[in-house]
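# Make a model of this:
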Amino acid sequence: MFDAPPRARGLPPQVVGFFPVSHQLLDFHTLEAAPVTLLPPPAVSPAASPAPSPAVDRARVGLWVRNTGIVVLLFLLYQLYGTGFQEGRAQAALRASYLGAQSSASADASTVGGPPPGGSARAGTAPLAAVPASLATAHPGGLPSQAVAEIIIPAIHVDQFVVDGTSDADLQKGPGHYTGTPYPGQPGNVAIAGHRTTFGAPFNRLGDLQPGDTIITKTPTGTYLYVVAGKENVAPTQTSVVDDYGDNRLTLTTCTPEFLATQRLVVVAALQGPLGGSTDAAPARVSAPPTPTKIVKAIAGSAATAGLRQGTRGFDFGALPLAALFVAALVGLGLSYQYARRYLPRLAAAVVLGPIWLCGLLLLFEHLARFLPANV
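Below is the predicted model of the structure:
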């Protein structure tokens with residue numbers, strides 16, 4: 001036995017057996033381990049937590065700017081291509097309604113005729129198209145309430161069904177017939193409007209037409225051939241382009257220049273007469289175009305001028321409240337994605353919230369398109 005406890009090698013005399021002790025030496029054999037008390041870590045106040053660095057703030061701002069840019073780009077794509085998909089579906093429905101009306105016209109032997117209000121048959125021109133009695137009650141003008149005609153322009157590869165009316169909702173389906181003007185094949189000035197850049201842009205290449213190019217119109221009562229006589233840019237307020245000039249013509253209108261719509265491009269074609277046989281045999285151009293006719297009169301007095309002014313509609317502020325609501329909903333979904341990632345994997349959170357976000361985005365785009373000025 002040791003009379004005195006040994007000192008650990010290399011340790012100061014205040015430390016014996018690896019336990020701190022006082023200067024008095026303790027009996028090594030009676031030394032017991034002192035109890036150890038674990039103290040909690042010192043509390044850190046919220047004020048002491050480090051603030052986000054400026055780099056983190058810039059990254060967050062950059063993320064929102066990037067996402068906003070993506071949404072704007074998607075809206076432009078929607079305007080150029082998404083609206084075209086909607087117009088394609090509407091054209092398919094119009095084709096079905098037109099073919100149904102055509103079948104009814106063929107099966108109905110009785111017809112009603114006579115010149116349109118304010119018009120009369122001109123000498124040396126095609127007679128007024130007879131309208132089947134079964135269709136006379138479908139529309140005030142005597143034609144179906146949706147697809148009133150089919151217009152074919154071989155030179156610019158246009159084959160569209162024409163709706164009756166030129167409101168924003170009408171032109172989203174395809175070219176629209178100006179209410180108050182005759183129908184294709186009837187005496188007078190047949191006026192049709194169409195979009196230049198959106199909703200399928202059926203009249204996008206209308207400016208490429210030259211005198212002599214042919215235009216074919218088909219109705220349930222017949223097929224008629226028009227030949228381009230001239231074109232001109234006019235102010236949106238020059239509504240006399242759809243007036244009656246005393247001849248039989250077809251007037252096509254659209255916005256110009258593209259994406260600005262500060263003027264109207266007007267193309268006038270002269271009626272040549274009914275076209276017998278298949279439209280495939282019709283020429284795309286005639287060698288002797290008609291003499292250019294007068295396009296604009298000094299005084300406007302037609303009932304269809306209100307339809308032409310619809311193309312000058314400004315911003316529709318009535319669509320803003322719902323658009324703002326959808327923006328707030330999309331921002332909320334974006335913030336909820338970060339919250340959902342705490343409980344779901346990244347892919348699962350995107351699968352759950354993605355379809356909801358896309359539906360909200362489409363609704364937002366529709367109301368933004370309503371808000372913007374009409375681009376005919």
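# Dig out what residue 224 forms beta bridges with.
Note on residue 224: beta-bridge partners by DSSP bridges are residue 217, residue 274.
# check contacts around it.
126, 129, 184, 185, 216, 217, 218, 271, 272, 273, 274, 275 (CB atoms under 8 Å, 6 or more residues apart in numbering). Quick note: C-beta positions are derived from backbone N, CA and C, even for glycine.
# which non-adjacent residue is nearest the third one?
Take residue 184 and drop its neighbours on the chain: the residue closest to it by CB to CB, 6 or more residues apart in numbering is residue 217, 3.5 Å away.
# now for the helix or strand where residue 366 lies, which elements pack on it?
Under the criterion of DSSP states H and E, residue 366 resides in helix 346-371. Identification of packing neighbours for helix 346-371 by 3 or more CB pairs under 8 Å, 6 or more residues apart in numbering; DSSP states H and E yields helix 54-77, helix 320-340.
# So which of the ones you listed is the most surrounded?
Here the criterion is mean neighbour count by mean count of other CB atoms under 10 Å, and of those the winner is helix 320-340, at a mean of 14.
# Put the alpha carbons of it into PDB.
The C-alpha trace of helix 320-340 is given here as PDB (Å, rounded to 0.1, in the frame of the first residue of the first chain):
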ATOM      1  CA  LEU A 320     -58.900  43.700 -64.000                       C
ATOM      2  CA  PRO A 321     -60.500  42.700 -60.700                       C
ATOM      3  CA  LEU A 322     -60.600  39.000 -61.600                       C
ATOM      4  CA  ALA A 323     -57.100  39.200 -63.100                       C
ATOM      5  CA  ALA A 324     -55.800  40.700 -59.900                       C
ATOM      6  CA  LEU A 325     -57.500  37.900 -57.900                       C
ATOM      7  CA  PHE A 326     -55.800  35.300 -60.000                       C
ATOM      8  CA  VAL A 327     -52.400  37.000 -59.600                       C
ATOM      9  CA  ALA A 328     -52.900  36.900 -55.800                       C
ATOM     10  CA  ALA A 329     -53.900  33.300 -55.900                       C
ATOM     11  CA  LEU A 330     -50.800  32.300 -58.000                       C
ATOM     12  CA  VAL A 331     -48.500  34.200 -55.600                       C
ATOM     13  CA  GLY A 332     -50.100  32.300 -52.700                       C
ATOM     14  CA  LEU A 333     -49.600  29.000 -54.500                       C
ATOM     15  CA  GLY A 334     -45.900  29.900 -55.100                       C
ATOM     16  CA  LEU A 335     -45.500  30.600 -51.400                       C
ATOM     17  CA  SER A 336     -47.300  27.400 -50.400                       C
ATOM     18  CA  TYR A 337     -44.900  25.400 -52.500                       C
ATOM     19  CA  GLN A 338     -42.100  26.300 -50.100                       C
ATOM     20  CA  TYR A 339     -44.300  25.300 -47.100                       C
ATOM     21  CA  ALA A 340     -45.300  22.000 -48.800                       C
END
